[in-house]
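S.K.: A predicted structure for the sequence below; I have some questions about it.
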Amino acid sequence: MNYHWDWMFFFQETDDGLKYYDWILSGLGWTTAVSLASLAVALLLGSVLGVMRTTPRRWLVGLGDAYVDVFRNVPLIVQLFMWFFVVPELVPEKLGIWMKQDLPYIVTAVVGLGLYTAARIAEQVKAGINSLSRGQRNAGLALGFTEWQTYRYVRLPMAYRIVLPALTSEAMNIFKNSAVTYAVGILELYFQYKQIIEKTSQVLEITIVVTSCYFVLAFVMNRLLAFIEARTRVPGLIVGTKGDK
Amino acid sequence: MIEIQNVSKWYGSFQVLTDCTTRVDKGEVVVVCGPSGSGKSTLIKCVNALEPFQKGSVVVDGIAVEDPKTNLPKLRSRVGMVFQHFELFPHMTITDNLAIAQVKVLGRSRDEAVERGLKLLDRVGLKAHAAKFPGQLSGGQQQRVAIARALAMDPICMLFDEPTSALDPEMINEVLDVMVQLAQEGMTMMCVTHEMGFARKVANRVIFMDRGAIVEDAAKEEFFGQPRSERAQTFLAKILNH
Amino acid sequence: MIEIQNVSKWYGSFQVLTDCTTRVDKGEVVVVCGPSGSGKSTLIKCVNALEPFQKGSVVVDGIAVEDPKTNLPKLRSRVGMVFQHFELFPHMTITDNLAIAQVKVLGRSRDEAVERGLKLLDRVGLKAHAAKFPGQLSGGQQQRVAIARALAMDPICMLFDEPTSALDPEMINEVLDVMVQLAQEGMTMMCVTHEMGFARKVANRVIFMDRGAIVEDAAKEEFFGQPRSERAQTFLAKILNH
Amino acid sequence: MSDFDFSVIAANWAFLAEGLRYTLQVTVTAMVGGILIGTLLALMRLGSITPLRWFAIGYVNVFRSVPLVQVILAFYLILPLVLQMITGKPTPIGAANSAYFTFTIFEAAYYSEIMRSGIQSIPKGQIAAGYALGFTYGQTMRHVVLPQAFRNMLPVLLTQTIILFQDISLVYAIGATDFFGAADKITQRDLRPVEMYTTVAVVYFIICFLLSRLVKRLQTRIAIIR
Amino acid sequence: QLTGTLQKIKDSGAITVGHRESSVPFSYLDANQKPIGYAMDLCAKVVDAIKAELKLPSLQVNYQPVTSQNRIPLMQNGTIDLECGSTTNSVARQQQVGFSVAYFVTSVRLAVRKDSGVKDIGDLDGKPVVTTTGTTSDQLIKMNEKGKTIDVRNIYGKDHADSFLMVESGRAAAFVMDDILLAGLIASSKNPAGFDIVGPSLRDEPYAVMMRKDDAPFKALVDKTLTGLMKSGEAEKLYTKWFMNPIPPRNVNLNFPMSAAVKAAFQHPTDKGVE
Ligand SMILES: Nc1ncnc2c1ncn2[C@@H]1O[C@H](COP(=O)(O)OP(=O)(O)OP(=O)(O)O)[C@@H](O)[C@H]1O
Ligand SMILES: Nc1ncnc2c1ncn2[C@@H]1O[C@H](COP(=O)(O)OP(=O)(O)OP(=O)(O)O)[C@@H](O)[C@H]1O
Ligand SMILES: [Mg+2]
Ligand SMILES: [Mg+2]
């Protein structure tokens, strides 16, 4: 293969006065910001939905199920496109114009990625709660807890511990999935990747570097959650698998 | 104290309880036995409305549990319950297991709740384990903690659902001893159990259930002397003869 | 038939078996009892090398199981084993549960294997259930199938690891009856169990274990008459007195 | 944008159908191949041979940490080079073929994690029972553990397959024409993005929704057998 | 003695032509998913010349779709031998691959909605301007931002259709891109009369056939063929066919008369790349 290797181009100056490695760093920053913000949205909403789907209320369960069905069954990129291009046309005109002109793009990206991931987290939270014996809820109720208190003090703390390994993969996934938000104009790592390829054509070097960046992000997330897992481990209790190692 | 009147319950078209009627008076100890799947657990859970039922009524201390206006959490907090699988909260220390409901439900201060919890823990002989987690205790110890947890709420009566059937044979007695003591102190108790030794020792009455119905409801002496129904006879023969 | 000599076993630095020595002769029935965690299951699993051990030797029918040259699958196929939780294969019908090892291990034809399996199923009183899956049977029925499955391999001896302790009280006897019959027909048996009624009826010897060591190894009469060690005395008192 | 113009869908339905066929083909291939390789990896990871275990751990962790779209691109570029080294002459394999390979290899990492937890969820007693009957390790896995692990995990495997089905859309990165790629290409040429994406969303939803209902049905059936 | 690509083609008896799938009218798929376009027609002539040169009348021609991201690696690893699309010949790219003489020259300009009131770069101050990620045009915004003192907000579309939609839906005031691509987008839109291409040329970019680097005999053959077509007037006929007439699949007419830059490129063929 007659490929022209050039690792030094990362230190070349670009038109905007920055160096290429600055582009990568800035992309890395946006990727992290979008991912963490989406993760927060997804955890919050996913937990609420997950809890809803385990309550005895039929309509809450139905609502939660419908949400998961819709948001899990359409590819992320299509969902983002819907939020960006289709939704502003469907809402009242004033709101639509505001969404198009004043709403920062990162909000759309975070909402899109967050809502998409929330469906998956809702599945896991539900599975975690359901994997607890029914007796745990009964024990809480028998002590006089309200339904909500059984969630707050008894079921959720255990459910989170149980699904932490699954949440770890989801948190790693969100970094990878954030690559799709370039489609709605976020200048994150994958955007910079494409941009640098276009400008320099040093495809292999940049692919290696960007891949490593994603790898490191996912790895850091993995270690962070492994740390949380270790910190929240209950003495004497063996729960599920011991996470990834 | 507990009045169960004509209670019937269905899962879909499957009837689990058929027209059950009985009562437990203040200070009485009633043992419920019967084959697996006969509805014992379901019946006892109807008492504190952990299971809803479609027909009949259950009155606890003058309050009808099936009444939609009843404050169920409050009612339940006054009825202690002990489960087959202990159901301690695995992520809390023993102390927290004992204290949390006192604080969150009865509104006691944490100090007060811990003090009361530790007193009861001492009573079941486990004071030394207060800082441990449930997973670090044996089954028998966990079940004694579960009893202490229920007692910490100062219940007016106690429900037991096969409290010893998940235990190693050696540990059964340490739990039964606590229950016997409780009975002797005059606690109102309704116990699902197959421990006929326990029934012989402290029960006032024995209820025998089969296929969702109360087949026998007799004084202890009567039941062990000569059960009326054939089904109860064979059942007794089976569980006593080995 | 089974000779266990100075067997010791460690999990890391934790010693689970300490210098265990005993033997089971042809036609003998030996009951193993002792508190939870004392190493009963571990010891019995050493007999067919389901658990490796670091010191000592176990000889079954003249073959040393710890010898690396021993063909373990072959040896195991000649030793029947019954587990606490039945361990039927839930994805196969009862017939397949009975036949598969005969076909895959002993190389019997499927017809032959099914025929032999059904004969034994009949013997444990479950012929009518041949086409069902394990999940459709009660615990007692499953355990009887498990015994039939082991017998179908024409074992030279049988190992039981608490075969009745996961069963509802009502079902214990239906399993014990099968075991008693087996013992009376002269099968060599080593049983971990707390069913002292069974031990009284058919055991030749009783072994009592505590903390990984064999504390008592005595003829039945001797054991029930007056166990030597204090630990065995308190244990017996605990499990008999309720 | 009230004036939706769906004629573009009608005019190009054959192209879209062709893309959908390709998507389904890659999905099925990667599912079957991925589960096979994934099961092998899971066995390696749970086995006692240290080098194989490390290989499996590395394999799974690497592929699970990297965005799929990059893996697709990298494999597409590197695979011909590897083949060239083996065969000694340039061996272009094409985007469409490369996707079969890439997805199988990539999804194997995910399926292997599922199979691993499936295998681990089988009670130890089942394995002991297999050995006690005289089964060898291979026979115990083959007749006792894997059939149960597979059954228990079938819903999860299918759920992963639904994700796989959606992820095939990422082959646009190498220009292969799957369902999404076909839609994208028509959009670029004929410029009806809103109509096109709405249609795509509906089609994906219908297919995935039906699949997930199938998963639910299976789940209840498996619960009954257990 | 043959070398390089010619040798490879002779040995394998086949040539692989890389093409785009939606670069109207250079290289795109028709209703039957066959690659067609102005660049494809030119390349067909090049292939004919190769057949003649190698005396291989039955040379097998394979078509391979490429994207703006993968076209260069695919050229380098031997998947494709010739790329006929809308690839800008730039100095940076010449590090990796070779280019023929230019067969088209595009100018980077602005597409705007007629009702937006934007007539020139100066009107863009403080407004959002869209360009497509991964294409060369966005460099120009940056350069112009620096040069002129106008301050635009850069936004990015995933691809040309997305970017155009941003203008169409009012998210962006203008779309900065190669004028010919803008013309194609406008012609295909629901309301072609609603858009304009405005402003001066921000830069001229030559489109050329891409091939492997440092392969002089092959490049000579390609250049000779293309130059011949330009000199003979055949290239102009092809231009008229694709740029001034209705084209498949929807019979849209781009109506894009030959610019001075293209005329110059035909008169004095050159393979010089832009900076
Ligand atoms: N959620 C449910 N849906 C349908 N049937 C149920 C449900 N819960 C219990 N049942 C059925 O109701 C019957 C009574 O159950 P219950 O648990 O009260 O029996 P039990 O007497 O306590 O038995 P055990 O001794 O096994 O605890 C059983 O046949 C059981 O299968
Ligand atoms: N895999 C293991 N790793 C570490 N310790 C173990 C392991 N398996 C068993 N043990 C320990 O070995 C000891 C003996 O266990 P074993 O299962 O033989 O006891 P047992 O007498 O059969 O008890 P039980 O009546 O509860 O079945 C126990 O203390 C147990 O905790
Ligand atoms: Mg019960
Ligand atoms: Mg044991």
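M.R.: Arrived safely. Ligands and ions are numbered 1, 2, ... in the order given.
S.K.: For the closest residue to ligand 2 within chain B, the count of nearby residues, please.
M.R.: Taking C-beta to the nearest ligand atom as the measure, chain B has B:Asp168 as its residue closest to ligand 2, at 6.1 Å. In short, each C-beta sits where N, CA and C put it, glycine included. Counted with other C-beta atoms under 10 Å in any protein chain shown, the neighbours of B:Asp168 add up to 17.
S.K.: Contact partners for it?
M.R.: Taking C-beta atoms under 8 Å, 6 or more residues apart in numbering or on different chains, we find B:Asp168 in contact with B:Ser138, B:Gly139, B:Gly140, C:Pro35, C:Ser36.
S.K.: which stretches of chain E have low pLDDT?
M.R.: E:1, E:133-150 (pLDDT under 70).
S.K.: which stretches of it form helices?
M.R.: Residue ranges of the helices in chain E, as given by DSSP state H, are E:4-12, E:38-54, E:71-76, E:91-94, E:137-147, E:160-168, E:179-188, E:216-232, E:234-243, E:260-267.
S.K.: To ligand 2, which of the ones you listed lies closest?
M.R.: Of the helices of chain E, the one closest to ligand 2 (C-beta to the nearest ligand atom) turns out to be helix E:71-76, at 52.1 Å.
S.K.: Reformat the helices of chain E as a markdown table; add mean neighbour count and distance to D:Arg189.
M.R.: Formatted as a markdown table, those follow (neighbours: other C-beta atoms under 10 Å in any protein chain shown; distance: least, C-beta to C-beta, whole Å):
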| stretch | mean neighbour count | distance to D:Arg189 |
| --- | --- | --- |
| helix E:4-12 | 18 | 30 |
| helix E:38-54 | 20 | 14 |
| helix E:71-76 | 24 | 18 |
| helix E:91-94 | 17 | 25 |
| helix E:137-147 | 17 | 20 |
| helix E:160-168 | 26 | 9 |
| helix E:179-188 | 23 | 7 |
| helix E:216-232 | 18 | 25 |
| helix E:234-243 | 17 | 14 |
| helix E:260-267 | 17 | 23 |
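S.K.: Of all the ones you listed, which one is nearest chain C?
M.R.: Chain C sits nearest to helix E:71-76 of all the helices of chain E, at 48.4 Å, using C-beta to the nearest C-beta.
S.K.: Using PDB, list the CA coordinates for that closest one.
M.R.: What follows is helix E:71-76 as a C-alpha-only set of coordinates in PDB (Å, rounded to 0.1, in the frame of the first residue of the first chain):
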ATOM      1  CA  ARG E  71     -12.500   7.200  -1.800                       C
ATOM      2  CA  ILE E  72      -8.800   7.900  -1.000                       C
ATOM      3  CA  PRO E  73      -8.100   4.800   1.100                       C
ATOM      4  CA  LEU E  74      -9.900   2.700  -1.400                       C
ATOM      5  CA  MET E  75      -7.700   4.000  -4.100                       C
ATOM      6  CA  GLN E  76      -4.600   3.400  -2.100                       C
END
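S.K.: Run through the neighbouring helices and strands of that helix.
M.R.: Using 3 or more C-beta pairs under 8 Å, 6 or more residues apart in numbering or on different chains; DSSP states H and E, the elements in contact with helix E:71-76 are helix A:203-232, strand E:14-19, strand E:204-211.
S.K.: tell me how far it is from the chain's mean position?
M.R.: Centroid separation for helix E:71-76 versus its chain: 16 Å, with C-alpha atoms, centre = their mean, to the nearest Å.
S.K.: Can stretch D:96-105 be said to contact chain E?
M.R.: No. Stretch D:96-105 lies out of reach of chain E by C-beta under 8 Å from any C-beta of the partner chain, never closer than 9.4 Å.
S.K.: Which positions in that stretch come out as buried?
M.R.: Neighbour counts over stretch D:96-105 (16 or more other C-beta atoms under 10 Å in any protein chain shown) mark D:Ala96, D:Ser98, D:Ala99, D:Tyr100, D:Phe101, D:Thr102, D:Phe103, D:Thr104, D:Ile105 as buried.
S.K.: Any chance of those residues in CSV with pLDDT and distance to ligand 2 as columns?
M.R.: Shown next, in CSV, are the buried residues of stretch D:96-105 (pLDDT from 0 to 100; distance: C-beta to the nearest ligand atom, whole Å):
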residue, pLDDT, distance to ligand 2
D:Ala96, 81, 50
D:Ser98, 86, 46
D:Ala99, 91, 45
D:Tyr100, 93, 43
D:Phe101, 92, 41
D:Thr102, 93, 41
D:Phe103, 95, 39
D:Thr104, 96, 37
D:Ile105, 94, 35
